[in-house]
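**Student:** next one to model:
(2 chains)
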Amino acid sequence: MTDQKIDGGKRTWIIASGCAGAVGAGFLAVPFVRSFEPSERARAAGAPVEVDISGIKPGEKMTVEWRGKPVWIVRRTPEQLAELPKLDKELADPLSKRTTFSDTPEFARNDTRALKPEYLVVVGICTHLGCSPSDKFTPGAQPSLPNDWAGGFLCPCHGSTFDMSGRVFKDKPAPDNLEVPPYYYLSDSRLLIGEEKKA
Amino acid sequence: MAEYQTAPPGAGSGRRLLTWIDNRFPLSKLFNEHMAQYYAPKNFNVWYVFGSLALLVLVNQLLTGIFLTMHYKPDAAKAFESVEYIMRDVPWGWLVRYMHSTGASAFFIVVYLHMWRGLIYGSYRKPRELVWLFGCAIFLCLMAEAFMGYLLPWGQMSYWGAQVIVNLFSAVPFIGPDLSLLIRGDYVVGDATLNRFFSFHVIAVPLVLLGLVVAHVIALHEVGSNNPDGVEIKEKKDAQGNPLDGIPFHPYYTVHDIYGVSVFLFIFSAILFFAPEGGGYFLEFNNFIEANPLKTPAHIAPVWYFTPFYSMLRATTDLMVNALCVIVAAAAVAAILRGGFRAGGKVAIALVALVAVYLLKTFDAKFWGVVIMGGAVLILFFLPWLDHSPVKSIRYRPSWHRIVYGLFLIFFLALGYLGSQPPSPAGNYISQLGTLVYFGFFLLMPWWSRMGVFKPVPDRVTFNAH
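**Tutor:** Numbering: from 1, shown residues only, chains lettered A, B, ... in the order given. As a prediction, this is how the structure comes out:
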């Protein structure tokens, strides 16, 4: 082997065809990787849903499914709304300024986080690892919650707490407030979740 | 290439058949190389049974898995029901299913013990680095296999466990949300996810796993096994070139292992028949409720073998990230003041530390939790290069090294226990301490493994014939 001369031309062509093969393999990988994406059927199932909210009484919550995720519609009482501004100091991001994980709609970057303050519309999935927090609307001391609890949500998985606007409290595993989905009012009692109103 | 052989005259039909095969396939050669003439140290103790046991459990998983696939339906609408069908209607289906589900836990018990053996006797040290690396890759595959297999029964814990773990990927900056969408194949864990996990669980990962097991054994048989004394038996050979302290694997260790297998099967059968759910640790009780995407169980915990790593994930809060920032800064200051670096090196260290602290504070604690959890597994790959101790086996290390190993073990077990429990403030502090101990054990190993007075290592293995 050692006394054989290396044919530079042949070697160049071998390298070139090897590279061409690698590029071809790269192209071949595309359809396989793309097949992992949501199918057309899954995309269609992600269409907006219409909800009638006339049946929710003050202090009650309604859950609808959108893209397989629970979307909560909470009709907040005036007392609950009055508590919201007082909590700002205890919250990680009271005005929903952060956009690391989701783009909060402009109308939700405030204390009430809703188009109409009375009705909170959020995706009921904890921003930590996707569990669904439980309702803890009753104020006061109770297990896993602080003694000055003003009502909100508690994620049973890792103990993140959220206020009545779905805003996360400080130093909790969840990095972000609950997601506000795009939605708008079709009429006073009808909501369309999954789409923003076109101007 | 071997010469063409002819069977001796008057040989029996078996002998003639073997000769016929050996001329076409290296059957006797392979058997001799890996069994009858593979010399293993004669001082193996009980720790050395777990490699063979892992192989046994692997066969159990493959065999029972094949039979479960015959009845299982990978469809979100039918999966839960088909598992119940296996449990109730398929003749002996309950046994096959419990052998598979209990076998998964047995696999991890055996593999964790096997890894602990490697750790205390220095089996990962030169020249066995590749044996260790293949082993770590097997461990990684096993974790993937167990995680994806756990989704298949489509119970509440399957569903929400998968939801939590797939969402881990969404913590990756920039590409995270798209990445988790790509893994799920839908906006939530659903039919598409179940189907692809099924495909990975029954064919893709097992194929890789089998390849790695073969590579692990080939690499081991190339360099030869380590032993409790950490002495290289190949350095002292007899006239035939066989190690003086070695004995052929077959029949000595095949018999030894069959004994181990019997004891193992006693215990395994007892659990299989009397406590197949392992008290809620092997099969969580919530998993006997069908998956419900709109209702999270009150307490989500992974199966026990993932809990140490899960604890580390949970322990990474803003407080932990701040602690890590302080540690990085302190390490940099120590390196600059005490380390023998030139000015340029010191500036580089300061810069790296600054960038690290900046990144720690920029990205969310959630992301760093994922990094720590992944890092806890990946750091095992670096073990051969972290350990600088002059001896392999713990037998000849300074006595206080045993305390270090003991502490590491205690904290690892504590992390495992806490990961199975609901979050609590006290538990969280202990998990944070445990996470620091776990990483400290490995990352500080280049220093502590060299410290202390080492005992003299004998030339030959210590062995008392019995």
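**Student:** which is the next helix or strand following the helix or strand residue B:29 falls within?
**Tutor:** When elements are assigned from DSSP states H and E, residue B:29 belongs to helix B:27-31. Next in sequence after helix B:27-31, counting helices and strands by DSSP H and E, comes strand B:39-41.
**Student:** tell me which strands that following strand pairs with, and in which orientation.
**Tutor:** Looking at strand B:39-41 with DSSP bridges, its partner strands are strand B:246-248 (antiparallel).
**Student:** what number of residues lie near residue B:261?
**Tutor:** Neighbours of residue B:261 under the rule other Cβ atoms under 10 Å in any protein chain shown: 16. The way it works is simple: take the backbone N, C-alpha and C, and place the C-beta from them, glycine included.
**Student:** apologies, that question was intended for residue B:116.
**Tutor:** Residue B:116 has 15 neighbours, counted by other Cβ under 10 Å.
**Student:** give me the element it is part of.
**Tutor:** Assessed by DSSP H and E, residue B:116 sits inside helix B:93-121.
**Student:** can you give me the buried ones in that helix?
**Tutor:** Within helix B:93-121, the residues that qualify as buried are B:93, B:96-115, B:117-121, counting by 16 or more other Cβ atoms under 10 Å in any protein chain shown.
**Student:** quick check: which helices or strands does that helix pack against?
**Tutor:** Applying 3 or more Cβ pairs under 8 Å, 6 or more residues apart in numbering or on different chains; DSSP states H and E, we find helix B:93-121 packed against helix B:50-69, helix B:79-88, helix B:129-151, helix B:254-274, helix B:399-419.
**Student:** quick one: the ones you listed as TSV, columns for distance to residue B:3 and mean pLDDT too.
**Tutor:** Formatted as TSV, these follow (distance: least, Cβ to Cβ, whole Å; pLDDT from 0 to 100):
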stretch	distance to residue B:3	mean pLDDT
helix B:50-69	33	97
helix B:79-88	54	96
helix B:129-151	32	96
helix B:254-274	29	96
helix B:399-419	52	96
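**Student:** for the residue of the stretch 201-350 of chain B found nearest chain A, give me its contacts.
**Tutor:** Nearest residue of the stretch 201-350 of chain B to chain A, counting by Cβ to the nearest Cβ: residue B:296, 3.9 Å away. Neighbouring residues of residue B:296 by Cβ atoms under 8 Å, 6 or more residues apart in numbering or on different chains: A:131-134, A:156-157, B:160.
**Student:** go with 10 Å
**Tutor:** Residue B:296 is in contact with A:70, A:124-126, A:130-134, A:155-157, B:156, B:159-160, B:163-164, counting by Cβ atoms under 10 Å, 6 or more residues apart in numbering or on different chains.
**Student:** drop anything exposed from those.
**Tutor:** Neighbour-count burial (16+ other Cβ under 10 Å) applied to the contacts of residue B:296 gives A:70, A:124-126, A:130-133, A:155-157, B:156, B:159-160, B:163-164.
**Student:** these in strands, which ones?
**Tutor:** Per DSSP state E, strands hold the following members of the buried ones among the contacts of residue B:296: residue A:70.
**Student:** pLDDT-wise, what's the bottom of the buried ones among the contacts of residue B:296?
**Tutor:** pLDDT across the buried ones among the contacts of residue B:296 is lowest for residue A:130, at 75.
**Student:** correct me, but that one touches residue B:188?
**Tutor:** Yes: here residue A:130 reaches residue B:188: they are 8.3 Å apart, a contact under Cβ atoms under 10 Å.
**Student:** which residues of chain A fall in helices?
**Tutor:** Secondary structure of chain A (DSSP state H): helices located at A:8-34, A:40-45, A:78-83.
**Student:** now mean neighbour count and distance to residue A:66 too, for those helices, in TSV please.
**Tutor:** Output for these, formatted as TSV (neighbours: other Cβ atoms under 10 Å in any protein chain shown; distance: least, Cβ to Cβ, whole Å):
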stretch	mean neighbour count	distance to residue A:66
helix A:8-34	9	25
helix A:40-45	13	10
helix A:78-83	15	24
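**Student:** mind listing what the residue of the stretch 301-450 of chain B found nearest chain A touches?
**Tutor:** Proximity to chain A, evaluated over the stretch 301-450 of chain B using Cβ to the nearest Cβ, is greatest for residue B:364 at 4.0 Å. The contact partners of residue B:364, by Cβ under 10 Å, 6+ apart, come to A:98, A:100-101, A:127-128, A:173-176, B:171, B:173, B:316, B:318, B:321, B:370.
**Student:** from the centroid of the chain, which residue is nearest?
**Tutor:** Going with chain A. Nearest to the mean C-alpha position of chain A, by Cα atoms, centre = their mean, lies residue A:179 at 4.1 Å.
**Student:** not quite, go with chain B.
**Tutor:** residue B:139 (3.1 Å).
**Student:** with adjacent residues omitted, what lies nearest to that one?
**Tutor:** Among residues not flanking residue B:139 along the chain, residue B:111 sits closest, at 6.4 Å (Cβ to Cβ, 6 or more residues apart in numbering or on different chains).
**Student:** ok, that neighbour touching residue B:57?
**Tutor:** Yes: between residue B:111 and residue B:57 there is a contact under Cβ under 10 Å: 8.5 Å.
**Student:** spell out which residues are contacts of both of these two.
**Tutor:** Joint contacts of residue B:111 and residue B:57 (Cβ under 10 Å, 6+ apart) are residue B:50.
**Student:** gap between residue B:150 and residue B:196?
**Tutor:** Noted for residue B:150: a distance of 15 Å to residue B:196, by Cβ to Cβ, to the nearest Å.
**Student:** so where's chain B shaky on pLDDT?
**Tutor:** B:1, B:294, B:298, B:466 (pLDDT under 70).
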